[in-house]
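[1] below: sequence and its predicted model.
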Amino acid sequence: MSATETELPQLTRKDFASDQEVRWCPGCGDYAILAAMQSFLADQGARPESTVFISGIGCSSRFPYYMNTYGMHTIHGRAPAIATGLAVARPDLDIFVITGDGDSLSIGGNHLIHALRRNVNLTIILFNNEIYGLTKGQYSPTSPVGTVAKSTPYGSIDQPLNPSTLALGAEATFVARTIDRDRNHLTEVLAAAHAHQGAALVEVLQNCPVFNDGAFADVTDRDTKADEGLVLVPGEPMVYGADRDRGVIAGPTGALELIRGDDVEKRSLVHDPTLDDSTRAFALSRLQRSGGPIPIGILRQVERPVYEQELLKQVERVEEREGDGELDALLTGGTTWQVD
Amino acid sequence: MSATETELPQLTRKDFASDQEVRWCPGCGDYAILAAMQSFLADQGARPESTVFISGIGCSSRFPYYMNTYGMHTIHGRAPAIATGLAVARPDLDIFVITGDGDSLSIGGNHLIHALRRNVNLTIILFNNEIYGLTKGQYSPTSPVGTVAKSTPYGSIDQPLNPSTLALGAEATFVARTIDRDRNHLTEVLAAAHAHQGAALVEVLQNCPVFNDGAFADVTDRDTKADEGLVLVPGEPMVYGADRDRGVIAGPTGALELIRGDDVEKRSLVHDPTLDDSTRAFALSRLQRSGGPIPIGILRQVERPVYEQELLKQVERVEEREGDGELDALLTGGTTWQVD
Amino acid sequence: MSTTAHPRETVRLDAATIRFAGDSGDGMQLTGTRFTNESAVAGNDLATLPDYPAEIRAPAGTLAGVSSFQLQFAAEDIHTPGDAPDVLVAMNPAALKKHLGALKPGGTLIVDEDAFTSRNLDKAGFEENPLEDGSLDEYDLHSVALTSLTMTALEEFTEDGRLNRKEAERAKNMFALGLVSWMFSRSLDTTEAWLASKFGKRPELVDANVKALRAGRNFGDTTESFRFVYEVPPADLAPGTYRSISGNQALAWGLVAAASRADMTLFYGSYPITPASDVLHELSRLKRFGVRTFQAEDEIAAMGSAVGAAFGGALAVTASSGPGIALKGEAMGLALMTELPVVIIDVQRGGPSTGLPTKTEQSDLNIAMFGRNGEAPLPVVAATSPSDAFFTAYEAARIAVENRTPVILLLDGYLANSSEPWNLPDPDALQPFDPAYATEANTSEGFLPYLRDDETLARPWAVPGTPGLEHRLGGLEKDGLGSGNISYDPNNHHEMTVVRQQKVDRIADRLPEVEIDDPTGDAELLLVGWGSTAGPLRAAIHELRERGHAVAHMQLRYLAPLQRGVEEAIKRYPTVLCAENNLGQLTNILRARTLVDIKGHHRVTGLPFTSVELVETATALLEGEA
Amino acid sequence: MSTTAHPRETVRLDAATIRFAGDSGDGMQLTGTRFTNESAVAGNDLATLPDYPAEIRAPAGTLAGVSSFQLQFAAEDIHTPGDAPDVLVAMNPAALKKHLGALKPGGTLIVDEDAFTSRNLDKAGFEENPLEDGSLDEYDLHSVALTSLTMTALEEFTEDGRLNRKEAERAKNMFALGLVSWMFSRSLDTTEAWLASKFGKRPELVDANVKALRAGRNFGDTTESFRFVYEVPPADLAPGTYRSISGNQALAWGLVAAASRADMTLFYGSYPITPASDVLHELSRLKRFGVRTFQAEDEIAAMGSAVGAAFGGALAVTASSGPGIALKGEAMGLALMTELPVVIIDVQRGGPSTGLPTKTEQSDLNIAMFGRNGEAPLPVVAATSPSDAFFTAYEAARIAVENRTPVILLLDGYLANSSEPWNLPDPDALQPFDPAYATEANTSEGFLPYLRDDETLARPWAVPGTPGLEHRLGGLEKDGLGSGNISYDPNNHHEMTVVRQQKVDRIADRLPEVEIDDPTGDAELLLVGWGSTAGPLRAAIHELRERGHAVAHMQLRYLAPLQRGVEEAIKRYPTVLCAENNLGQLTNILRARTLVDIKGHHRVTGLPFTSVELVETATALLEGEA
Ligand SMILES: Cc1ncc(C[n+]2csc(CCOP(=O)(O)OP(=O)(O)O)c2C)c(N)n1
Ligand SMILES: Cc1ncc(C[n+]2csc(CCOP(=O)(O)OP(=O)(O)O)c2C)c(N)n1
Ligand code: SF4
Ligand code: SF4
Ligand SMILES: [Mg+2]
Ligand SMILES: [Mg+2]
């Protein structure tokens, strides 16, 4: 069964699909993400044996079962920590973290921010359906104020977290948002995230037709998506709208402001996710709050040393300087004495 | 022992000091914060009986024992969650959370960000000494890269979290930084945080002479502090430097830039912590990263509904609409039948 | 239900068990619940067992997607949802495949023949169509075209566009319900009333469902294929007003009742988890009782928030299931050290780890007793039936508040989701209890927050806002003088450790003595159970006694401390058998206590015990085989 | 140490116990450690007991700030740091107040009279100066002006400004060490060498400290006040190369040795906590062995990171103490379900909750055995002495790797911080073990990750990167066919639950039979202990035998599964006494197993047992009083 190293055949999407029946509800956005991932990996020439999917708990976290790679369906919220241990032990692997909005931002918030600040080499895919799917429909940390759900029959009162905003607050080096229904965009963002050295957070707006249908209709429906979504293209002005007559400029207080008119292509800010300072990306992540469109695309993409690589380098430096450890020398180091 | 409600005597600092011997190391910055807090509460006319200090675990978290108020020295990292429960049960109380950099940003990071986004009415004082004091000197999530400490004899490799940046990423409504050694500033910031409706995060740069002496020498030493610290005054231009010839302007990418010259008073941005959009505050929190001064003062101060108040309002609205609950009616609601 | 009667004769039964099984989307839980209500209103005693997949909606037609609901209804006192069903309704091949094994030999089998397409047969793993290959000959098979009959009945709705085909098809569960209701001589009234209120805003749905329901009944009535109709007469239940109640609902209401009778604010901090979430859902609807619910960011925060709320004087409650309970241990220790009343609910499910989230188990007794660092004793109680969850919740709140201690309440997936008729108590008759907040200093020198009551060892509870009683609590060891101040003194620590244990132990002094069901007083075998095994054990004992065995029954609701009389009883009977849905957790505790060689019936299948298996084990013991 | 000799006569002792006590800032831990080393090099057997406050530096002069270090050194085989000290060195009134009670009647008491100022007396709570009020008459009191004598000795340093007064004063511990070394006829050589290497970069500090050390020795030699000097001859230790080692250090080295001998990468993910942090500190210094240490954001992440690293094929280890262990339960369950080898270390401290962070206790046995949701059996082992922590760590790693299971290793604050001479093993003699990673499919149909070894029930361990063995693990129940696929089947769940238990139980088949120390074979009493009580129990047994009692000793290092022979032994002896630093956790487990009425010696004072208390309890039992 083991593949010979010399001839690595081009794999197809099917090679990345496991034999397990996919068990999401009909119409669930998770299907599209799964399909995109399988094709993407095949297209990238990824190897199933060196690809690992680590997930938490939630509908979305069933993902690894459907991938014919190494994988672990772990416990609620802890996937980033588990993946960090794996990355430190095995920096040679290609590690994906699959998580939901509850998994990553409610119970798992702390592990997420620490994986991001450490810049562990993980591709983190956050399936944001703004609801707890698996436990049948409670509101989540991304649900808007006023959400009527199982545990909030009179409407939720908590200010939601914005995954991009939080990630930027946690020193993330790669932050992006994409949509389950836009296969091309999803694939492009996956590719960039995967290529990124360090922790990449990809938020996928994912429809849960059962408990939160249409949460992202604004940015997926034909009629509205051009006006409600701002597709970010590096090097291009931030222009949107069905008539491409809307744009974004920097306001006097640092916040971004919306403009409209014929000349928006010229006046709008040019998108640059590679800025070292994260302020602009942060400003973009706030657009929605002030009634602006939802930015779709890569908000931030910068380089910073990767945690496990630094760790290994340190080990290697020490080994070089001090010589490889010898048990004998360890035991007899320091004061010893002889009894005859 | 119970005070009569009609005559509330003006209390003094001593009235807020408990009978417990203070047990920090000689020279620890915690002493100054304690003294400032006790005086501040007395000056504010606070009542010991309605003031509560909730802390986690750490040197700093011993704080409540020294306050003659209600208090709880809880468990590591969980103080914001415990305080949230108390606030929901008792919105009438005046609740402080005392926490360390390890307590709030390492083990307690998730509870902190959730308390902030919910905007629970808590005054959170984060004693940042960039080290784990109580466990005798391991590096913390705020220790700079390269920190040589007990668990990092060859230097730390993790990118630190910046408390202000993270808080802004978590939708905080009040974010400030002050210094243990500057009693006046500390007191001013305490007053503003305390007056704030909602969650207020106050980071206090606190010296740990035993395990991390001089971590903030730049902003406390006479010679350097004017150049290394940027004292934020609302409504005033952001000017600093021993000769007040340095200032801050907005750069083209949204990041702040440093300027120097005679006219900095005119050219510098005017500080306004009340901006609804948090981008400017975020930009300020990044200043240090690009070699700029450390901003000292209130970065953000805006209003947003307070969690426990909204919760109570909802309860009251329901009680009004549906009438006060009756057990009898509860049990017999829905389908019942009679057996004779 | 083996009978020998003539076609269409009405057969009287003492009890019957039906299982509805179908795809997750087929509405089997609803169908079962409606039939339960019809039976309840008809005066039967009953018990139910819902069983559904861990996936929200596993793919249609697959084994993984099968959802089922079983109920037993009876003219007599019954205790379980029944062992093997008399009637199985299977809405598709997967449901048949999964549940046929349970059906009684010769039992009635109703299937939707429309669903037996080759695709569905394939998905369920049938090589041949069992409706055709004779493999079902031993059953009383009724292959009914449920789907097409429903569609036909609702033609007018699809034709005039009031319903689309999918909506119409979805009513097939009502057709099935109508048919089964007819079989058991049930009135459709309560279901029709329920449909009216449920779909009030869409009258076309009310009409269509009622139409399907009646069509099902009429189908039974007019076709020849059913030889019998059955009647299960009303049970001889105590007089009173009844309702049907599930364990989770009863639990929520018990908490509300406790808060109300103690005049306290109910605070409920929880993080969703199956099968505990419904308590959160229920309480969040009860805001009119002033309930403050808090969906925390995780279980640690939930437990922490409860500690904070308790410090503030609330009746503080948190709930979770296995994995979440494992996370709460550290904060439970804080509640224990600060001696604050908190009710901690564990709705147990299959473990370890994520285990079997939607299945029942009693395997968290160990973690409830021992899952905290250090010597950390807490009272532990367990509800013994769905409606008993009301009283157990009340009791847990009372013990917590009166003794200033966290209390762990164990429920399980079975009790949580199954329901039974409940003879409603008079709320005014619930004995009120008093938080007795401290309002004044308890010594001339000031307030000592740990100055204990001589008898109960409970400490005073002074809540913030009370002038003069300011004090600090914490998780470090305290001196024995009552101040609550930290002490590192060696002997003090030993004494405090012993005091905390005694405080829990002494609660037993104020509990009723344990009750033992042993009518003749000379039983050879004592059956011991705790919590949800009450029903199966009662059913087994009934059966054993019918077979002439003298057996006694002791069902524990208080697990720590044990009630007075428990150890004596165990030592008294020649043989003792402890049955639990785990590998012997209570058994070991009792063995260590009594040094009696208690035998165990220990199985974890994710399902409640059947009385058959219990009878078997007991019989083997009685006959000296085990 | 009671003797009748002439002034300045050299008295030979078999053993002596000294306690150094002073302010946290007085350097008592260092002084004790130095004296320990001198004694070790002199060939004594020895055992130490450091004891320090939970605060980093509680206020100078207060009781809370007292830090102490006790050691016993002997010409014979000893097992404990001694019960009551023969010599107490008290550097200030608070130290005297706190420790005088422990001093042997008539014992030698050395105090720094300069520290007995009215301010310090006040802080310690003395109303009168005990040096003057006659209250110390029953002791052999030596009131020495340690501080001023040190200052005088170092005058040249302060005068020429090489040291400031504070620095000079700080050398008073060296003066005290010099004096005590002289009393016990110790050479100062090792300490002088150590000072030279420690302060190498500040030669003035080397010189000053050496000067103070010698001044102390000379003071003893020249003053009249000391009537005796003592000599404790070398012990008859097995030949070999020795070093002094603490439990935490031994543990760290044992892990390094295991990784090295198994040719695996050692991954250590941990969050700091007293008293476990030193393992992290030690391992982070051992990067030259390729050790990868990860300071996680919390204990859950630490445990999680270990699971991840284990999945990747590393020798994965995590460590914590009580509160942190309570947090790891859920993730331990995942490791258990995924059957990945992880060593989980619990360096126990006083509980519950935050408890007594710097004190020792054995009260986490319950949480180690039962602190996870569901039926969640894990092997549990415990080290029995500081140096044994090396072998126990090695053994835990071996059990984990060979059986594909998390293993819990229990240490405690006492073993972690105390040290003993260690006859160094030959690393090459450590039996290597093999991770035996899967490299090929184990069936013709492909790789089945849960296809178990018939004997051990261990599953194959295929690590990512291995082509063709791709598979998914998880916390849900798995089918019994080896695929690792999810199964909700009722009987399967029961079987899997039983298999997981058997897998742990069967480890006993491959462990050595338990050893029982019963030279005559006819003991009336079996003393049972586990882990760190080995030393005190051995000392007590020695004493009991000296008194003519026939007693046997069984010290458990394997707690789950129990070794073969344990139950039989308990059933064999007429009386069994189990001594543990908790309220009876192992006792209860053994009672449930054996149904023997095992008696308990259960105390939690934050300190290891004294042999005196054990002898007392045992004697009472032997004489039928208990
Ligand atoms: C420790 C723990 N707490 C709670 C749960 C219950 N639980 C499972 S998934 C989930 C949330 C799922 O929401 P999300 O992460 O958004 O994933 P989705 O199902 O929406 O994809 C919860 C609360 C659990 N399994 N474990
Ligand atoms: C659950 C748990 N984990 C770890 C610890 C050990 N611990 C106590 S305080 C602390 C960190 C202290 O650092 P910080 O919060 O910065 O406070 P400081 O002492 O510096 O004021 C740690 C790791 C603990 N008490 N509980
Ligand atoms: S519940 Fe929602 S998120 Fe979960 S599988 Fe169904 S549609 Fe998808
Ligand atoms: S260790 Fe540091 S932070 Fe802690 S009390 Fe001492 S000086 Fe203060
Ligand atoms: Mg979700
Ligand atoms: Mg700190």
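    Cool, the structure landed. Numbering: from 1, shown residues only, chains lettered A, B, ... in the order given. Ligands and ions are numbered 1, 2, ... in the order given.
[2] got the contact list for the residue nearest to the spatial centre of chain C?
    In chain C, the centroid-proximal residue (Cα atoms, centre = their mean) is C:L415; its distance is 0.9 Å. By Cβ atoms under 8 Å, 6 or more residues apart in numbering or on different chains, C:L415 lies in contact with C:247, C:360, C:383, C:385-386, C:389, C:531-532. C-beta coordinates here come from the backbone N, C-alpha and C atoms, glycine included.
[3] likewise C:N218?
    Contacts of C:N218 (Cβ under 8 Å, 6+ apart): C:178, C:182.
[4] how many neighbours does the closest residue to C:L607 other than its chain neighbours have?
    Leaving aside its chain neighbours, C:L607 sits nearest to D:P490 (5.5 Å; criterion: Cβ to Cβ, 6 or more residues apart in numbering or on different chains). Neighbour count of D:P490, defined by other Cβ atoms under 10 Å in any protein chain shown: 17.
[5] again with A:E320
    Going by other Cβ under 10 Å, the residues that sit close to A:E320 add up to 10.
[6] helix or strand: which one has it?
    According to DSSP states H and E, A:E320 maps onto helix A:307-322.
[7] mind listing what's buried in that helix?
    A:307-311, A:314-315, A:318 (16 or more other Cβ atoms under 10 Å in any protein chain shown).
[8] related to what we said a few turns ago, closest one of the contacts of C:L415 to C:N209?
    C:P386 (27.1 Å; Cβ to Cβ).
[9] contact partners for that closest one?
    C:245-247, C:250, C:415, C:418-420, C:422.
[10] could I get those residues as JSON lines with secondary structure and distance to C:A310?
    Formatted as JSON lines, the contacts of C:P386 follow (DSSP: H, G, I helix; E, B strand; the rest coil; distance: Cβ to Cβ, whole Å):
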{"residue": "C:I245", "secondary structure": "strand", "distance to C:A310": "28"}
{"residue": "C:S246", "secondary structure": "strand", "distance to C:A310": "27"}
{"residue": "C:G247", "secondary structure": "helix", "distance to C:A310": "24"}
{"residue": "C:A250", "secondary structure": "helix", "distance to C:A310": "23"}
{"residue": "C:L415", "secondary structure": "helix", "distance to C:A310": "26"}
{"residue": "C:S418", "secondary structure": "coil", "distance to C:A310": "31"}
{"residue": "C:S419", "secondary structure": "strand", "distance to C:A310": "31"}
{"residue": "C:E420", "secondary structure": "strand", "distance to C:A310": "32"}
{"residue": "C:W422", "secondary structure": "strand", "distance to C:A310": "29"}
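[11] measure the residue nearest to the centre of chain C to C:A383 for me?
    Going from C:L415 to C:A383 by Cβ to Cβ, to the nearest Å gives 6 Å.
[12] that older thread, these two touch, right, the residue nearest to C:L607 and C:P608?
    No. If you go by Cβ atoms under 8 Å, D:P490 and C:P608 don't touch, sitting 10.8 Å apart.
[13] thinking again about what came up before, in helices, which of the contacts of C:L415 appear?
    C:247, C:389 (DSSP state H).
[14] can you tell me which of the contacts of C:L415 are up against ligand 2?
    Residues of the contacts of C:L415 in contact with ligand 2 (Cβ under 6 Å from any ligand atom): none.
[15] burial check on the residue in the stretch 151-300 of chain C that ligand 4 sits nearest to, number of neighbours?
    Of all residues in the stretch 151-300 of chain C, C:I300 sits closest to ligand 4, at 24.9 Å by Cβ to the nearest ligand atom. C:I300 has 28 neighbours, counted by other Cβ under 10 Å.
[16] how about stretch A:32-51 and chain D, touching?
    Yes. Shown here: stretch A:32-51 in contact with chain D (Cβ under 8 Å from any Cβ of the partner chain) through A:47-51.
[17] redo the residues you listed as a markdown table? Include pLDDT, secondary structure and distance to ligand 3.
    Converted to a markdown table, the residues of stretch A:32-51 next to chain D look like this (pLDDT from 0 to 100; DSSP: H, G, I helix; E, B strand; the rest coil; distance: Cβ to the nearest ligand atom, whole Å):
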| residue | pLDDT | secondary structure | distance to ligand 3 |
| --- | --- | --- | --- |
| A:R47 | 96 | coil | 29 |
| A:P48 | 97 | helix | 25 |
| A:E49 | 98 | helix | 28 |
| A:S50 | 98 | helix | 29 |
| A:T51 | 98 | strand | 23 |
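[18] so which of these is the most crowded?
    A:T51 (23 neighbours).
[19] looking at the residues of stretch A:32-51 next to chain D, spot the one nearest D:D114.
    For those, the nearest to D:D114 is A:S50 (69.1 Å; Cβ to Cβ).
[20] check contacts around the closest one.
    Counting by Cβ under 8 Å, 6+ apart, A:S50 has contacts A:92-94, D:464-465.
[21] need the max-distance pair from those residues.
    Among the contacts of A:S50, the pair separated by the greatest distance (Cβ to Cβ) is A:D94 and D:G465, at 10.1 Å.
[22] in stretch C:547-565, what's buried?
    Here stretch C:547-565 shows C:549, C:551-563, C:565 as buried, counting by 16+ other Cβ under 10 Å.
[23] where exactly do the helices run in the stretch 151-300 of chain A?
    Secondary structure of the stretch 151-300 of chain A (DSSP state H, counting those that start in this stretch): helices located at A:163-169, A:183-195, A:217-220, A:222-228, A:264-267, A:279-286.
[24] now what about the longest one, what contacts it?
    Identification of contacts with helix A:183-195 by Cβ under 8 Å, 6+ apart yields A:32-33, A:35-37, A:39-40, A:44, A:94, A:123, A:125, A:174, A:176-180, A:200-202, A:204, A:231, A:296-298, A:301.
[25] can you tell if stretch C:582-595 touches chain D?
    Yes. Residues of stretch C:582-595 contacting chain D under Cβ under 8 Å from any Cβ: C:582-583, C:588-589, C:591-592, C:595.
[26] just these that are near ligand 3?
    Within the residues of stretch C:582-595 next to chain D, nothing lies near ligand 3 by Cβ under 6 Å from any ligand atom.
[27] dump stretch C:245-254 to CSV, restricted to CA.
    Below are the C-alpha coordinates for stretch C:245-254, written out as CSV (Å, rounded to 0.1, in the frame of the first residue of the first chain):
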residue,chain,number,x,y,z
ILE,C,245,-43.4,15.8,31.7
SER,C,246,-39.9,15.1,30.6
GLY,C,247,-36.9,15.0,33.0
ASN,C,248,-35.3,18.1,31.7
GLN,C,249,-38.4,20.1,31.9
ALA,C,250,-39.2,18.9,35.4
LEU,C,251,-35.7,19.8,36.4
ALA,C,252,-36.0,23.3,35.1
TRP,C,253,-39.3,23.7,36.8
GLY,C,254,-38.0,22.3,40.1
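[28] gap between that stretch and the chain center?
    The chain centre lies 9 Å from the centre of stretch C:245-254; the measure is Cα atoms, centre = their mean, to the nearest Å.
[29] likewise for stretch C:462-470?
    That offset, for stretch C:462-470, works out to 40 Å (Cα atoms, centre = their mean).
[30] repeat for stretch C:16-23
    How far stretch C:16-23 lies from its chain's middle: 19 Å, per Cα atoms, centre = their mean.
[31] same question for stretch C:63-74.
    15 Å.
[32] what about that stretch, near chain A?
    Yes. Counting by Cβ under 8 Å from any Cβ, chain A is contacted by stretch C:63-74 at C:64-65.
[33] quick check: mean pLDDT of that stretch?
    The average pLDDT within stretch C:63-74 is 92.
[34] alpha carbons of that stretch, as PDB, please.
    The C-alpha trace of stretch C:63-74 is given here as PDB (Å, rounded to 0.1, in the frame of the first residue of the first chain):
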ATOM      1  CA  LEU C  63     -29.000   3.800   9.100                       C
ATOM      2  CA  ALA C  64     -27.200   6.700  10.800                       C
ATOM      3  CA  GLY C  65     -30.200   8.900  10.100                       C
ATOM      4  CA  VAL C  66     -32.700   6.700  11.800                       C
ATOM      5  CA  SER C  67     -34.600   8.300  14.700                       C
ATOM      6  CA  SER C  68     -37.000   6.400  16.900                       C
ATOM      7  CA  PHE C  69     -39.400   6.900  19.800                       C
ATOM      8  CA  GLN C  70     -40.700   4.100  21.900                       C
ATOM      9  CA  LEU C  71     -43.500   4.200  24.500                       C
ATOM     10  CA  GLN C  72     -45.200   1.800  26.800                       C
ATOM     11  CA  PHE C  73     -48.700   2.700  27.900                       C
ATOM     12  CA  ALA C  74     -50.700   0.600  30.300                       C
END
